[in-house]
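Asks: Here you go, sequence then predicted model.
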2 protein chains.
Amino acid sequence: MVSQRGRRNGAAVARKLSTPDADNAPTAEMPAVTENGTEEVARVRAIPEAAVARLAVYLRVLSAMAEQGATTVASEELATSAGVNSAKLRKDLSYLGSYGTRGVGYEVAVLVGQLERVLGLTRQHKVAVVGIGNLGHALANYGGFPGRGFPVEALFDIDPDLIGVPVGGIPVSHLNDIPEVCSERGISIGVIATPPPAAQTVADRLVQGGVQCILNFAPVVLQVPDHVEVRKVDLAVELQILSFHVARRAENVGNGMVVR
Amino acid sequence: MVSQRGRRNGAAVARKLSTPDADNAPTAEMPAVTENGTEEVARVRAIPEAAVARLAVYLRVLSAMAEQGATTVASEELATSAGVNSAKLRKDLSYLGSYGTRGVGYEVAVLVGQLERVLGLTRQHKVAVVGIGNLGHALANYGGFPGRGFPVEALFDIDPDLIGVPVGGIPVSHLNDIPEVCSERGISIGVIATPPPAAQTVADRLVQGGVQCILNFAPVVLQVPDHVEVRKVDLAVELQILSFHVARRAENVGNGMVVR
DNA sequence: GTCTGTGAAGAAGTTCACAGCC
DNA sequence: GGCTGTGAACTTCTTCACAGAC
């Protein structure tokens, strides 16, 4: 019956998250530390994937609060604004370390700083948008992409009429030049907004160009090397999930309830 | 707090999912009563949320296969194309019922039909797009939205210059008319592509208009009644998640590896 | 032999509830 | 009194591995 809900190796891992004060949290930019060899790592690197997405939301809410002059905030309030419950919020924040004050709450500025650090927002991530159709256009024009820190620095398309034309201040290059241009400009994030058939080829070229992360709007499952991170945004899937829920509801209705 | 089920006493429960045949399958499973007299009947508990998103992906892959003339497919092949492992795929499909043949595989056409049924794609879901800026424009022009079954039938904006102008064949109406127009046209899905400050008001009006589902592109946490389903697509969050992974990688690098 | 369907084990994620500090 | 931080309980999701149908 071993309760052990730790990680994969059963060794006494003991989840050393949230070390008490003494902020040893490894900063993103310091090469930092030591080659631990034996024993376990004192490093905190265990933020659950699911929590990461929420951290980004907290950051946005906190930034808005800071702008309105708030200096402290309680977990309950922040949680409500972020649309989660407070236990989850506190747990999520505990992955960063202990930055709250019992009986009081969190200092907004401190939390913002920590979130930015953990999310890697203390450095810039240059973005390339591939596929300057309707969507790509919209993305390119977002102008420096949401929340700054993500400047769009390259655009690509296959249409000869578009090559060289500036969109949002940046001239469009040809798909063939993806590897070279991405390499030159140090692009770290590629956004794929092409038609489905082109997506895989584009992904390959982005990888060639040294891009580490891809945000894929094309409804295609991309094949990429392990070291490349892909996130997918899939309109059709989102709509179908909604459709599923409508159907679910309709099924459970026992009477004349109108379900669209 | 007496709830208890699953694990520990798994023998008795045996989760009777996947009743074969029979259209709507409410899979009851004698609820052992309990003391909660008031609570409703929400024990249908059929398809796990996480599986639903994947079902939509399987459907797309299968449709493509059907188009190429495939008539049967094995779980391994389908799984690979969909980017999941075969055990997960089989488990997911088992939620629909038993539609495969051991030793052979699945009939593509059958599976497509079942997926469409479960995802509620046998009926149409009329879509309204609110906020005809860059993104809204792109969405409106998707022309009948991905995979049909989701016709765009109403557009809204607040800009007087846009009102009445047709975009993708549909004239833009004013935000104020959302409840009325949605009601009239029987809109079931509202897509919010407005600037953040407008999003909540828009959501309220959509709900007033009887919309059951909202796809929200605005970086805002929406407040809606329980019976309304919201899905969020958040560009900034997606980028920040990618950023997090870059930072993670950078941290773990012990040497001159270039990490963008 | 091949491939599905599925209990059961395992891992990940969420919620509870309370100790500990203000 | 109020609020954070967190082990432990609980829930959901994923993977394993094999019985059973072809």
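Replies: Thanks, I have the structure now. Small disclaimer: the values here were computed from a predicted structure and weren't measured.
Asks: and stretch A:60-73, is it in reach of chain B?
Replies: Yes: for stretch A:60-73 and chain B, the contact criterion (Cβ under 8 Å from any Cβ of the partner chain) is met by A:Arg60, A:Val61. To be clear about C-beta, it is placed using only N, CA and C from the backbone, and glycine gets the same treatment.
Asks: Can you tell me what sits against that stretch?
Replies: Contacts of stretch A:60-73 from elsewhere in the structure, counted by Cβ atoms under 8 Å, 6 or more residues apart in numbering or on different chains, are A:78, A:81-82, A:104-109, A:111-112, A:115, A:147, B:219, B:221, B:236-237.
Asks: in it, what counts as buried?
Replies: Under the neighbour-count criterion of 16 or more other Cβ atoms under 10 Å in any protein chain shown, stretch A:60-73 has A:Arg60, A:Val61, A:Leu62, A:Met65, A:Thr72, A:Val73 buried.
Asks: quick check: mean pLDDT across that stretch?
Replies: Per-residue pLDDT values over stretch A:60-73 give a mean of 97.
Asks: can you tell me which helix or strand the most centrally placed residue in chain A belongs to?
Replies: Here the mean C-alpha position of chain A is nearest to the C-alpha of A:Ala53 (Cα atoms, centre = their mean), at a distance of 6.2 Å. With elements delineated by DSSP states H and E, A:Ala53 resides in helix A:49-67, which encompasses its position.
Asks: ok so, going back, filter the contacts of stretch A:60-73 by proximity to DNA strand D?
Replies: Among those, the ones lying close to DNA strand D by the criterion of Cβ under 7 Å from any atom of the strand are A:Val104, A:Gly105, A:Tyr106.
Asks: Columns neighbour count on top of these, output as TSV?
Replies: Formatted as TSV, these follow (neighbours: other Cβ atoms under 10 Å in any protein chain shown):
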residue	neighbour count
A:Val104	10
A:Gly105	17
A:Tyr106	24
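Asks: Please check the contacts of stretch A:60-73 and keep the buried ones.
Replies: Buried subset of these (neighbour count, 16+ other Cβ under 10 Å): A:78, A:81-82, A:105-108, A:111-112, A:115, A:147, B:219, B:221, B:236-237.
Asks: out of these, which are inside helices?
Replies: Mapping the buried ones among the contacts of stretch A:60-73 onto helices (DSSP state H) picks out A:Leu78, A:Ser81, A:Ala82, A:Val108, A:Leu111, A:Val112, A:Leu115, B:Ala236, B:Val237.
Asks: what's the closest of those to A:Pro160?
Replies: Top of the list for closeness to A:Pro160, among these and by Cβ to Cβ, is B:Ala236 at 33.0 Å.
Asks: and whichever residue of the stretch 101-250 of chain A sits closest to DNA strand D, what pLDDT?
Replies: Nearest residue of the stretch 101-250 of chain A to DNA strand D: A:Gly103, at 2.6 Å (Cβ to the nearest atom of the strand). Per-residue pLDDT puts A:Gly103 at 97.
Asks: Wasn't it part of a helix?
Replies: No: under DSSP: H, G, I helix; E, B strand; the rest coil, A:Gly103 falls outside any helix and is assigned coil.
Asks: Kindly provide the distance from it to DNA strand C.
Replies: Shown here: A:Gly103 relative to DNA strand C, a distance of 3 Å by Cβ to the nearest atom of the strand, to the nearest Å.
Asks: Count the neighbours of that residue for me.
Replies: The criterion is other Cβ atoms under 10 Å in any protein chain shown. On that basis, A:Gly103 has 6 neighbouring residues.
Asks: So what does it look like in phi/psi?
Replies: Comment: the main-chain dihedrals of A:Gly103 come out as phi 80, psi -10, following degrees, to the nearest 10.
Asks: if I pick the nearest residue to A:Thr101 once chain neighbours are set aside, what's in contact with it?
Replies: Of all residues beyond its chain neighbours, the one nearest A:Thr101 is A:Glu107 (7.7 Å), with distances taken as Cβ to Cβ, 6 or more residues apart in numbering or on different chains. Applying Cβ under 8 Å, 6+ apart, one finds that A:Glu107 lies in contact with A:Thr71, A:Thr72, A:Tyr99, A:Thr101.
Asks: Going by distance to DNA strand C, which of those residues wins?
Replies: Distances from these to DNA strand C were compared by Cβ to the nearest atom of the strand; the smallest belongs to A:Thr101, at 5.6 Å.
Asks: in the sheet, who's paired with that closest one?
Replies: Beta-bridge pairing of A:Thr101, defined through DSSP bridges, involves A:Gly105.
Asks: Make sure A:Ala199 is indeed in a strand.
Replies: No: the secondary structure assignment for A:Ala199 gives helix rather than a strand, going by three-state DSSP.
Asks: residues touching the closest residue in space to it that isn't next to it in sequence, list them.
Replies: Nearest residue to A:Ala199 in three dimensions, chain neighbours excluded: A:Ala218, at 3.8 Å (Cβ to Cβ, 6+ apart). Taking Cβ under 8 Å, 6+ apart as the contact definition, A:Ala218 lies against A:Gly131, A:Ile192, A:Ala193, A:Thr194, A:Pro195, A:Pro196, A:Ala198, A:Ala199.
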